[in-house]
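>>> Kindly generate the corresponding structure for this input.
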Amino acid sequence: MPDTDALPIVLIPGLTCTARLYTDQIPALWQFGPVTIANHTRDDSMAAIARRILATAPARFALAGLSMGGYIAFEIMRQAPDRVAKLALLDTGGRGDTAEQTERRKVVIALAKSGRYAEVPDIAFPVYVHRSRHGDAALKEIVRTMAAETGSEAFLRQQQAIIGRPDSRPGLPAIACPTIVIVGEGDEATPPELSREIAAGIPRSRLVMVPDSGHLSTLEQPQAVTKALVEWLRS
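Presented below is the predicted three-dimensional model:
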């Protein structure tokens, strides 16, 4: 007999990340309902990425996104809030890109356009992971693999979408579904204060700080993140 209480779960990866980002979480989340990894590589705006995800997503689902995945999740909440039963925002921020951030993006965009895309993950790695993991060769290889799977053309589309994303903070008070906000305590890419800001803006949301973790919390501290997500789905 099918589980009529099963809640489908849609996971959105971050910039240059693939399904591998959630490798350790999928088996535990699957107990609650079918898990889908959204494709966020084909469009160059948040609105278009969200529309494409919604076109194939279940009628109602739990939604989780990390970093860029969180930006897309905010857009999904703007387009179809009634379809999202629960929301998880990991290592992300609600603000738009600053001029300084955009300028830094333009540097790696130029690198990718010049045929040196393979260098991008190594440049990003020290910012993406906790300072104690800068020498973690296995983790660096996962980051490189995901970037290679994404490819330079999709990377350029993703960066364009990130640069053009809106400020999501005005919509935070309207988010009514059960929401968890998770962030690595040592996240340098989207510092914890950005998660505190999101949690403060969403009514009745829960903030979880992950010790000894940087930006890629699902990979750096998988057990802690999985535990938090399981509690979120059970709530």
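
>>> Return the distance of the most centrally placed residue in the chain relative to Val107.
What sits nearest the mean C-alpha location of the chain, by Cα atoms, centre = their mean, is Leu66, with 1.6 Å. Leu66 sits 23 Å away from Val107, taking Cβ to Cβ, to the nearest Å as the criterion. From N, CA and C alone the C-beta is placed, and that goes for glycine too.

>>> So what's the residue count around Arg60?
The local packing of Arg60 (other Cβ atoms under 10 Å) involves 13 other residues.

>>> ok, it touching Pro81?
No - Arg60 is not in contact with Pro81 according to Cβ atoms under 8 Å; the separation is 11.2 Å.

>>> which residues touch the residue nearest to the centre of the chain?
The neighbourhood of Leu66, defined by Cβ atoms under 8 Å, 6 or more residues apart in numbering, consists of 12-14, 17, 21, 90-92, 216-218.

>>> do the same with Val10
35-36, 38, 53, 57-58, 61-64.

>>> how about a cut-off of 10 Å?
34-38, 53-54, 56-58, 61-65, 69, 73, 76, 83-84 (Cβ atoms under 10 Å, 6 or more residues apart in numbering).

>>> to the chain's geometric centre, what's the distance from the one helix or strand it maps to?
Applying DSSP states H and E as the criterion places Val10 in strand 9-12. The gap between where strand 9-12 is centred and where its chain is centred comes out at 9 Å by Cα atoms, centre = their mean, to the nearest Å.

>>> Stretch 170-184 now?
Computed by Cα atoms, centre = their mean, the separation of stretch 170-184 from the middle of its chain amounts to 13 Å.

>>> mind listing what's buried in that stretch?
171-172, 175, 177-184 (16 or more other Cβ atoms under 10 Å).

>>> Go through the residues you listed and say which is closest to Ala137.
Minimum separation from Ala137 among these (Cβ to Cβ) is found for Gly184, which lies at 19.7 Å.

>>> what ranges do the strands span in the chain?
Applying DSSP state E to the chain gives strands spanning 9-12, 35-37, 61-66, 84-90, 179-184, 206-210.

>>> Relative to Phe125, which of these is closest?
Shortest distance between Phe125 and the strands of the chain, using Cβ to Cβ, is found for strand 179-184: 14.4 Å.

>>> Direction included, what does the closest one pair against?
Looking at strand 179-184 with DSSP bridges, its paired strands and their directions are strand 84-90 (parallel), strand 206-210 (parallel).

>>> would CSV of the strands of the chain with distance to Ala47 be doable?
Below are the strands of the chain laid out as CSV (distance: least, Cβ to Cβ, whole Å):
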stretch, distance to Ala47
strand 9-12, 15
strand 35-37, 20
strand 61-66, 15
strand 84-90, 16
strand 179-184, 22
strand 206-210, 28
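
>>> Would you map the helices across this structure?
With DSSP state H, the ranges of helices along the chain come out as 26-29, 46-56, 68-79, 99-113, 120-128, 137-150, 152-163, 192-201, 217-220, 222-234.

>>> Which among the ones you listed is found nearest to Val208?
Closest to Val208 of the helices of the chain, according to Cβ to Cβ: helix 222-234, at 4.6 Å.

>>> in that closest one, what counts as buried?
Judged by neighbour count using 16+ other Cβ under 10 Å, the buried positions of helix 222-234 are 222, 224-226, 228-229, 232-233.

>>> Pick out whichever of those sits closest to Thr98.
Closest to Thr98, out of all of the buried residues of helix 222-234 and judged by Cβ to Cβ, is Val225, at 27.1 Å.
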